[in-house]
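K.L.:
what's the 3D shape of this:
(one chain, ligands or ions: 2)
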Amino acid sequence: MKVIELNNICKAFGDNKANHNVCFNLKKGEIHALLGENGAGKSTLMNILYGLYSCDSGDIVINGDTVEVENPSKAIEHGVGMVHQHFMLVPQLSVTQNIFLGMKETGLFLKMDELKKKVAELNESFGFNVDPSAVIWQLPVGVQQKVEILKALMRDAKILILDEPTAVLTPHEVKELFGSIKKLTKSGYSIILITHKMEEVLDYCDRVTIMREGQVVDTLLVSEADHDILAKAMVGRDVCLDRIIEPQESGEVLLKLEGVTVLNDKKLPAVKNLSLEVARGEILGIAGVDGNGQLELGEAIVGLRKIEEGTMNLIGQNTTHAKPRTMMDLGMAHIPDDRHKKGLVLDFSIKENLILGSQRDEIYHNGLLMNYAKVKEEAERMVEEFDVRPRNIELTGAMLSGGNQQKVILAREVSRNPEVLIALQPTRGLDIGAIEFVRGKIIEERKNNKAVLLVSTDLDEILTLSDRIAIMYKGEIIGIVPPETPVEEIGLLMGGIKNKKPKGGEPDESQV
Ligand SMILES: Nc1ncnc2c1ncn2[C@@H]1O[C@H](COP(=O)(O)OP(=O)(O)OP(=O)(O)O)[C@@H](O)[C@H]1O
Ligand SMILES: [Mg+2]
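P.N.:
Numbers count the residues shown, from 1 in each chain. Ligands and ions are numbered 1, 2, ... in the order given. Below you'll find the model as predicted:
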């Protein structure tokens, strides 16, 4: 039985055909993956189904009835829930309060206590481990994502749209999430999963629909698909994500931390007495399970978080308490982990976002006046070089697909020609073609003798790019290993287990 049928959906933004005659259906109890490059039209299609956008033409059929979905409340009435690619939580409120906000829309009257109980039950059965009274802004993005999922489940949705739900989860959490999703489908829930991760499609989904440039390329049974078929259908060419960096000598140390301690938002030490060095011509990868202080470390290095103890030295200058602006002037560039909060001004145009931070530079001025022609010329060059789609620099940041927003940030930061590049989760949410591109740019920086610090919870990414890998566990670096190190060994270090093979050959499970 088909629970959803989308027939010939069309949606244009200006002359950009985000969806063009799209047909898609969802069967009861299946996990149907929606795959496609950044900007292919996946979120748009799902936003139409969820009532956030209206389509220009086409039909939406839910459980056999053709329906008008004017707004999300209507979608929820029809049993459709959505977890968005970018969170829609109120940062100042607690987990339960955020969930309560969702319930009110359905007109449901629920006491806080009952609500808490229900959240706790879901927590339990899905292994989410979310503290119901925690305040959203204090939670790591991974946990915030779980709250979003809980919120949709609490609204009694039977059809769940998950827009890249695993982009911010650790491999272990991903496994858990799919365990829960499988349980849901067994009891009659149906799931649409937007993802860029082919393994998730191949391991967990039943069918897959591939979109490119606003149209459906194909719908296949996953049992008939493989990695190469999907990759090619998505980007229209072969993609290589293998390690391709050539050995090279590193030069002088450009970034040095000694005994650095940094607090998290709860004022507890998140980084403890940590020392590291990054030299010219090398990529130092910081691996670790999300939440082990990597984020706080990254923020401290770029001057967004206070260094409580210890020192930081950037290109020969003591920058322990320097402002982000000073770091930038000294030659540091920064790809932030959260592109919405820290990377882009969503209401600004692409053009403005691209020169953000450099707007006072001489090249953008004629005397006292802004040289708009130069801004336009540079912005156009950047969108071309970094393949930002569509190529319209007047669109606002909010109008871009997630992956293209990331490309704008990368374009801006790399175009500053930095000496030191701090890349925090640089390819999160990108399609495989874009990942190949972004990684290529990072490798280019290394080749040009820049120092790169890469923080990523994606171990594959760390293994593909790093010259040395530092593993963070509970705020400390518990080991620095070469990239040839067996993955299992790195995995153990990520779990806090050192000295894998002591004398007897038996693993030593001593926690560090
Ligand atoms: N509100 C909007 N205004 C103008 N254009 C938009 C808007 N929302 C989306 N678009 C455009 O529609 C196209 C499809 O975007 P969409 O967000 O659906 O892509 P996507 O497949 O979800 O990509 P990603 O994987 O990067 O999230 C893009 O070209 C995007 O710029
Ligand atoms: Mg999207």
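
K.L.:
what's the span of stretch 143-162, first residue to last?
P.N.:
The straight-line separation of the ends of stretch 143-162 (C-alpha to C-alpha, to the nearest Å) is 15 Å.

K.L.:
close to ligand 2, is that stretch?
P.N.:
No. Stretch 143-162 does not reach ligand 2 (C-beta under 5 Å from the ion); its nearest approach is 11.3 Å. In short, each C-beta sits where N, CA and C put it, glycine included.

K.L.:
So that stretch, near ligand 1 or not?
P.N.:
No. Shown here: stretch 143-162 not in contact with ligand 1 (C-beta under 6 Å from any ligand atom), separated by at least 11.7 Å.

K.L.:
Which residues belonging to that stretch are considered buried?
P.N.:
143-155, 157-162 (16 or more other C-beta atoms under 10 Å).

K.L.:
for the stretch 1-150 of the chain, what spans make up the strands?
P.N.:
Secondary structure of the stretch 1-150 of the chain (DSSP state E, counting those that start in this stretch): strands at 2-13, 16-27, 31-36, 57-62, 65-66, 80-83.

K.L.:
residues making contact with the fifth one?
P.N.:
Under the criterion C-beta atoms under 8 Å, 6 or more residues apart in numbering, residues 59, 60 lie in contact with strand 65-66.

K.L.:
Ok, the first one next?
P.N.:
Strand 2-13 is contacted from outside by 17-28, 41, 44-45, 48-49, 53, 55-64, 80, 158-159, 190, 192, 399, using C-beta under 8 Å, 6+ apart.

K.L.:
again, but for the fourth one
P.N.:
Taking contacts as C-beta under 8 Å, 6+ apart, the residues outside strand 57-62 that touch it are 2-10, 21-22, 48-49, 66-69, 78-80, 159.

K.L.:
Contact residues of the protein facing ligand 1?
P.N.:
The chain has residues 13, 16, 18, 36, 38-44, 85, 389-390, 399-404, 431 near ligand 1, with proximity defined as C-beta under 6 Å from any ligand atom.

K.L.:
can you rerun that using 8 Å?
P.N.:
Within the chain, the positions near ligand 1 by C-beta under 8 Å from any ligand atom are 13-14, 16, 18-19, 36-47, 53, 85, 163-164, 194, 196, 211, 214, 389-390, 395-396, 398-405, 429-431.

K.L.:
Quick check: the residue of the stretch 51-200 of the chain nearest ligand 1.
P.N.:
Nearest residue of the stretch 51-200 of the chain to ligand 1, counting by C-beta to the nearest ligand atom: residue 85, 5.7 Å away.

K.L.:
Count the residues that sit near that residue.
P.N.:
21 (other C-beta atoms under 10 Å).

K.L.:
all helices for the stretch 151-300 of the chain, in order.
P.N.:
Assigned by DSSP state H, counting those that start in this stretch, the helices in the stretch 151-300 of the chain fall at 171-186, 198-204, 227-235, 294-301.

K.L.:
From the contact counts, what lies against the first one?
P.N.:
If you count contacts as 3 or more C-beta pairs under 8 Å, 6 or more residues apart in numbering; DSSP states H and E, helix 171-186 packs onto strand 31-36, helix 112-126, helix 141-154, strand 190-194, helix 198-204.

K.L.:
Correct me if wrong: residue 122 contacts residue 150.
P.N.:
Yes. With contact defined as C-beta atoms under 8 Å, residue 122 counts as touching residue 150 (5.7 Å).

K.L.:
Find the residues that touch each one of those two.
P.N.:
In contact with both residue 122 and residue 150: residue 128, using C-beta under 8 Å, 6+ apart.
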